[in-house]
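Sequence first, then the predicted structure:
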Amino acid sequence: MATTVTAPPVPKSPPDSPVLIDAATLSRPNRTWVPLPRWLRRLAGPALVVAVWQLLGATGNINPRVLATPAQVAQAAWELAKDGELASNLLASLQRVGSGLLIGVGLGVLLAVLAGLFRLGEELIDSTMQVVRALPVLGLLPLVIIWFGVGEEPKIALVAFAAACPVYINTYAGIRGVDNRLVESGRVVGLNRLGLIRHVILPGAVPGFLVGLRFALTSAWLVIIVAEQLNATSGIGYLMNQAQAWYRTDIIVLGLLIYGVLGLLADSLVRLLERRLLVWRRGFNGA
Amino acid sequence: MTTATTTEAALAVRATGVHRSFDGREVLSGIDLTLHQGEFLALLGRSGSGKSTLLRAMAGLDPDFTGELLVPERRSVVFQDHRLQPWKRVLDNVVLGLPRAGAKEAGLNALAEVGLTERARDWPITLSGGEAQRAALARALVRDPALLLLDEPFGALDALTRLKMHALLRELCRKHRPAVLLVTHDVDEAIALADRVIVLTDGRLGPSHEVGVGELRGVLLKELGVVEAG
Ligand SMILES: Nc1ncnc2c1ncn2[C@@H]1O[C@H](COP(=O)(O)OP(=O)(O)OP(=O)(O)O)[C@@H](O)[C@H]1O
Ligand SMILES: [Mg+2]
């Protein structure tokens, strides 16, 4: 709805006069020619891949032992869902990841606060954690099995370990990175040590914590996949491992899809948390 | 000498022989200063002359000066940057550190005094530079300070906003009567606001000048070394 302004006839402009452009076009995204919502257009790519994949499989161009077709994957999902096997294995995986994360994130935050706030804590904890973080998590698997046997504990312990490290590192950095000028401004209004921690230091460390949490979720999934494939009698990883023995590529692909969806869900959970905890960054005035 | 005792007009600051060095380099070499309740003193000095160092010592932010420095219990500081906690809404920033009872009313009153009632529930990031500085002023005044320490509080503001802030500060000081130490390097600002102006050079305070007596501007510029003597 651009209004046309009839400019007074300009006497022939000098040759070096600049060409004027509409400033609005500089900051507005380009209009695309497809009149569809963005999320629908973004789905088009994956949908195309699935369609081609199905077509190739249905026409016999892909050996089902190499890769099942999307229809076969859906079929497998339906069958596993019907007899409750999918739900029980999914629950087993979720429980492991959930308890592991709870322990790991809690431990990471606790250690970060101790190391970030106390000289002695820093000296004892930080150097230890710097060594520990260098250990490859999955390398601990044999040790963890010796310690905890083959039940739920080793898997939970691995997830907890995988989650604790990134949470510790980023929360600690967040605490240490709090602007000293804000600490001073807290001190001149009379906050004591506890008040400073509560009103200045911990809120200032929240962005770092959230970065750590995101890393923790990613590595928690990574660890549980491997742990369940090596040594488990339930869980999505176990399901995939069984499927491997029978060349059931449909179930394997299904397992991968589930991991993918769970990863996406976890990520949007952190995003939601960020939106709630970091409103002050965008200045959105909340409800 | 333990605590500041009341004399004629109550004493707000007494500094005797205050020294401060950083890594062997002396920045304050013997500061003697008294400031009474209700008095507005401007401290001028070139960049790096040690004005902020003296003010930080008075604010209780510097554990490492030597000499005697008596200050009241209730004191507030406004810095050049507003230093509002970004994760607290404006009102929560203003009342931060106050005992809970009655804090909210006091905070809203202080915000009303600086004309920010509307913004009480906003996040600091949404404030303009002048508004943020007004919020910082409200945070300082809500504590009813006996000593108000201002470290170039208007240094980052545009000329127009600065003039408005001058008027606001004058009015608030007339009302609350704290002792004020204003650190600035703007001679005109010092003359416009203060009762008394002192120049800090080479770690020592110069003579104290009453504002409104004689032609002060030229004298101060000379003391600052901006214009040649004679
Ligand atoms: N924490 C510190 N460590 C080392 N040197 C410091 C420290 N704080 C201040 N100084 C030095 O002390 C001197 C005085 O600094 P100060 O900040 O008091 O100056 P100022 O008069 O406030 O200057 P400005 O007008 O630029 O703010 C400077 O040379 C500065 O480098
Ligand atoms: Mg300074």
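Great, that's in hand. Ligands and ions are numbered 1, 2, ... in the order given.

which residues touch residue 103?
Since no chain was named, I'll use chain A. A:Ile156, A:Ala160, A:Ala163, A:Ala164 (Cβ atoms under 8 Å, 6 or more residues apart in numbering or on different chains). Quick note: C-beta positions are derived from backbone N, CA and C, even for glycine.

my question was about chain B
Applying Cβ under 8 Å, 6+ apart, the residues near B:Ala103 are B:Val95.

Just confirm A:Leu67 is within a helix.
No - judged by DSSP: H, G, I helix; E, B strand; the rest coil, A:Leu67 forms no part of a helix; its state is coil.

you'd agree it is up against A:Thr249?
Yes - A:Leu67 lies in contact with A:Thr249 (Cβ atoms under 8 Å); the separation is 5.5 Å.

the more surrounded of the two?
A:Thr249 (21 against 17; other Cβ atoms under 10 Å in any protein chain shown).

So in terms of bridging, what pairs with B:Glu26?
B:Ser21 (DSSP bridges).

Phi, psi for the spatially most central residue of chain B please.
Closest residue to the average C-alpha location of chain B: B:Leu150 at 1.8 Å, with Cα atoms, centre = their mean. Dihedral angles of B:Leu150 (phi, psi; degrees, to the nearest 10) stand at phi -120, psi 110.

Mind telling me which residue of the stretch 101-250 of chain A is nearest ligand 1?
Closest residue of the stretch 101-250 of chain A to ligand 1, Cβ to the nearest ligand atom: A:Asn180 (10.5 Å).

Now the element after the single longest helix found in chain B, going C-ward?
Ranked by residue count and defined by DSSP state H, the top helix of chain B is helix B:159-176. Using DSSP states H and E, the helix or strand that follows helix B:159-176 in sequence is strand B:179-184.

neighbouring strands for that following strand, and are they parallel or not?
By DSSP bridges, strand B:179-184 pairs with strand B:40-45 (parallel), strand B:147-151 (parallel).

How about that strand and ligand 1, any contact?
No - against ligand 1, strand B:179-184 shows no contacts by Cβ under 6 Å from any ligand atom, the least distance being 6.6 Å.

mind listing what's buried in the next helix or strand after that strand?
Using DSSP H and E, the helix or strand that follows strand B:179-184 in sequence is helix B:187-193. Neighbour-count burial for helix B:187-193 flags B:Val187, B:Glu189, B:Ala190, B:Ile191, B:Ala192, B:Leu193 (criterion: 16 or more other Cβ atoms under 10 Å in any protein chain shown).

Turn the residues you listed into TSV, including distance to chain A.
Formatted as TSV, those follow (distance: Cβ to the nearest Cβ, whole Å):
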residue	distance to chain A
B:Val187	27
B:Glu189	22
B:Ala190	23
B:Ile191	27
B:Ala192	26
B:Leu193	21
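
The stretch 151-287 of chain A against chain B: which residues are in contact?
Counting by Cβ under 8 Å from any Cβ of the partner chain, the stretch 151-287 of chain A comes close to chain B at A:181-182, A:184-191, A:195, A:199-200, A:203-204, A:206, A:279-283, A:285.

who are the neighbours in contact with B:Leu220?
Applying Cβ under 8 Å, 6+ apart to B:Leu220 gives the contacts B:Leu44, B:Val187, B:Ala190, B:Ile191, B:Val197, B:Val199, B:His209.

Looking at these, point me to the pair that's furthest apart.
B:Ile191 and B:Val199 (12.4 Å; Cβ to Cβ).

Going along the chain, name the helices of the chain.
In the absence of a named chain, this looks at chain A. A:24-27, A:38-58, A:70-82, A:85-117, A:119-121, A:127-132, A:141-148, A:153-176, A:180-188, A:193-196, A:202-230, A:236-245, A:249-277, A:279-282.

I was after chain B.
So, for chain B - with DSSP H - the helices run B:51-59, B:90-94, B:103-113, B:129-141, B:159-176, B:187-193, B:216-223.

between these, which gets the lowest average pLDDT?
In terms of average pLDDT, helix B:216-223 trails the rest of those, at a mean of 84.

what angle sits between that one and strand B:40-45?
40 degrees (axes from the mean of the first three to the mean of the last three Cα atoms, to 10 degrees).

Contacts only, for the nearest residue to A:Arg133 once chain neighbours are set aside.
Ranked by Cβ to Cβ, 6 or more residues apart in numbering or on different chains and with sequence neighbours excluded, the top spatial neighbour of A:Arg133 is A:Cys165, at 4.6 Å. Shown in contact with A:Cys165 (Cβ under 8 Å, 6+ apart): A:Gly108, A:Met129, A:Val132, A:Arg133, A:Val137.
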